[in-house]
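Visitor: Only the shape, not the letters, is given here:
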C-alpha cells in the first residue's frame, strides 16, 4: 500500500528497512490491535445471520484480494474469476465424491488445480493485452463452468454435489461461530501473503509490468514469467476460496458460478479502488452486503410483500447503478473517498497540500 | 440439408448481432458487452408496442425498432459520453454494469416469465419447406434481414457522408475532430445504429422462439463471431458468424448438445491463440488497446 507511511507532517523514516515494515507507527499498532479485538469479540455478540454475513465477507475478501493482486497490481485483467472459484469448489466436490477425500487433502488440491488453471488462464496474457486478455479469460470461464456442468450431468448429480461437513475426529465444523474463525484465519493468511508479496521483489516487478511492459523488460524483469506467476498465485488463492465456499455451503453446483459472479468480483475491486489491498477488502464488504441492504430497504417500502418476488431484479438494477456511479463519478473507489476524508482532516485548516512540499 | 439450413439461420443471427459489436468497436474502440441486454430490451419494447398498437403489427414493429435506435443514442449521451477518453477498460466495464442494470430493469418492468411477441402481434410462425428441409418464417426473415442490413451498412459506410465520417473517426479520432467532424454525433450514431441492428436481431429471435433472459447469452455467444472475423471488420463478422454457427451446429449434431453454450468460446480461444486480431482485422489493433 502506498499510503502506509506516517503522513501527519513529514517523512520520518531513516532507513530502507523502515519503509518495508507492515506496521510502522504506534498508532497503527493500536488501531490494528483494536480492530483484531473487535473482530475477535464479534462472533460472541452477533446473531447467527450476522455471522453468516461476516463469513461471506471473509470468503469474498480472499477472492477479491487475489483478483486485486492480478488486476490492481500486475495489471492483468480477468473477467473469469468465477471460473476459478468454480474450479476450486469442483475440485473439492469431485475429490470428495469420487475418493472420499478429507478437507486437508482437497483444499491443497484445490490450490494446486487453481495454480494449473491459472497457468492456462495466464498463457494468453503472453500475447494479448487489455481488452483481448479480458475476453480470453471470459471465454475460459465458460469452458471451466461447462466442464463442471458436464461432470454433474454425466455422473448423475444434475442438481449439484453435496459435500459433507468437514470433521477432525469428533470435532465437526458445522457451527457458524467456528467457521467464522476458520474463514478469518484463511482471509488473514491471504492478506498477509499478498502484503508480503507486494513489498518484495515480486510485487515491485508486477507494479513495473503494470506501468510499462517494455520498460519493465529493460529493467531486467522476466515479464512472461512474472505475468504467469501473478496468474498462478491469484488463481491458486481464488481456488482455495472456492473450495472453502463449497464446504461452507455444503453444496457445489454450476448455477452458483455464473458470469454475474465474475462481474461481482470485478465490481469489488473497482468499487473498492484499484491498486489497493484495503480497497479489495472494502469492496468485498460493500458488494457482499449490498444485496442484504437492498432486501432490507425493499422491506421498508409500503406493501413490501408484492415486491418479494422481484428482489433479484432489484438487486441486479441496484448493483448496476452502483457500479456505474462508481465508474463514472469515483474511479478511485471507496479508498479514494477514504483518502479524501483523511486528507481533509490531516490538512485542516488548509484545503490542499502545499505545492512542491509534500511527496506526490 | 436441414443441417445447412440450421447453420444458415444461426449464422444470420450471429452475423446480425456481431455487426453491432463491430460498429461500436470500429468507431470508438469500446467493446459493448451490454449488447445482449440491449437486444433483449428492444424485444421487450416490441412487446409493449404490440399491445399499444394492437391490430397494426407493422407499425408496432417500426415503433419498437425506432425506439431502440433512441435507446442506443441515449445510452451514449447519458453514459458512454462520460467515458470517452477514459481507459478503454473502464468503458468496457461500464457497459458490463449497464448490462446488469438493464437485466434488472427488464425483469422489474416486464416480469421474468417467458413471453411470446409473435402471439402479441397476432402472427403465426409458419414452417416453410425449402430444398428438402424446413425453415421457420422468422428464420427466413432473419436471413433476409441480415443480408439487407449488411448491404445497407456497406453502402452507408462507403458512400454516404456520415458513413465516411464514421470511418474517419474510427481511424484517427483526433484528426477527424480537427477536420470538423463532431465526434459525439458520430459516436452517438454508432451506438444508435448498433442498438438498431441488435434490436432487429432480438426481435426476430423472439418472434421465432419466444423471449426471456436467455437472450443475453445469445448476444454474448455472437461476440466470438465478431472477434474471429476481426473486431474492426464488417465482412469479417459475416465470415466469423458462419464459422461459429457451423462449428456450433455440427458439434451439437455429432458430439453433444451440452456443448452448444461453450463451442463459440472454444473457437474464440483457438482464434486468440493463433491469430488474435482475427481473420480480417488489422494487426495494430492489438497494440492500441
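Guide: Perfect, thanks for sending it. Please read these numbers as outputs of a predicted model, since none were measured by experiment.
Visitor: what sits against residue B:23?
Guide: Residue B:23 is in contact with B:153, B:190, B:193, B:194, B:197, B:234, counting by CB atoms under 8 Å, 6 or more residues apart in numbering or on different chains. (Glycine included, C-beta is placed from N, CA and C.)
Visitor: again, only this time at 10 Å
Guide: With contacts taken as CB atoms under 10 Å, 6 or more residues apart in numbering or on different chains, residue B:23 has the following neighbours: B:32, B:153, B:157, B:166, B:170, B:189-198, B:226, B:232, B:234, B:237.
Visitor: Just the ones of those residues in strands?
Guide: Within the contacts of residue B:23, membership in strands is found for no residue, as judged by DSSP state E.
Visitor: Return the distance of the spatially most central residue of chain A relative to chain B.
Guide: Using CA atoms, centre = their mean, the residue of chain A that lies closest to the mean C-alpha position is residue A:64, 1.2 Å off. Relative to chain B, residue A:64 is positioned 15 Å away (CB to the nearest CB, to the nearest Å).
Visitor: Assign a three-state SS to that residue, would you?
Guide: On the three-state scheme (DSSP: H, G, I helix; E, B strand; the rest coil), residue A:64 is labelled helix.
Visitor: My guess is it contacts residue A:272. True?
Guide: Yes: the pair residue A:64 and residue A:272 qualifies as a contact (CB atoms under 10 Å) at a distance of 7.0 Å.
Visitor: Mutual contacts of the two, please.
Guide: What both residue A:64 and residue A:272 touch, as defined by CB under 10 Å, 6+ apart, is the set A:72, A:279, A:280, A:281, A:282, A:283, A:284, A:285, A:287.
Visitor: Kindly present these as CSV, with separate columns for secondary structure, distance to chain B and pLDDT.
Guide: Below are the shared contacts of residue A:64 and residue A:272 laid out as CSV (DSSP: H, G, I helix; E, B strand; the rest coil; distance: CB to the nearest CB, whole Å; pLDDT from 0 to 100):
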residue, secondary structure, distance to chain B, pLDDT
A:72, helix, 12, 90
A:279, helix, 15, 93
A:280, helix, 16, 94
A:281, helix, 20, 94
A:282, helix, 18, 94
A:283, helix, 13, 95
A:284, helix, 17, 95
A:285, helix, 19, 95
A:287, helix, 12, 94
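Visitor: wait, which of those is closest to residue A:35?
Guide: Residue A:35 has its nearest neighbour among these in residue A:281, at 11.3 Å by CB to CB.
Visitor: Give me the phi and psi for the closest residue to the closest one other than its chain neighbours.
Guide: Here the nearest residue to residue A:281 in space, its sequence neighbours aside, is residue A:61; by CB to CB, 6 or more residues apart in numbering or on different chains that works out to 5.5 Å. When quoted as degrees, to the nearest 10, the phi and psi of residue A:61 stand at phi -60, psi -50.
Visitor: isn't residue A:61 right up against residue A:244?
Guide: No: at 11.2 Å, residue A:61 does not count as touching residue A:244 under the criterion of CB under 10 Å.
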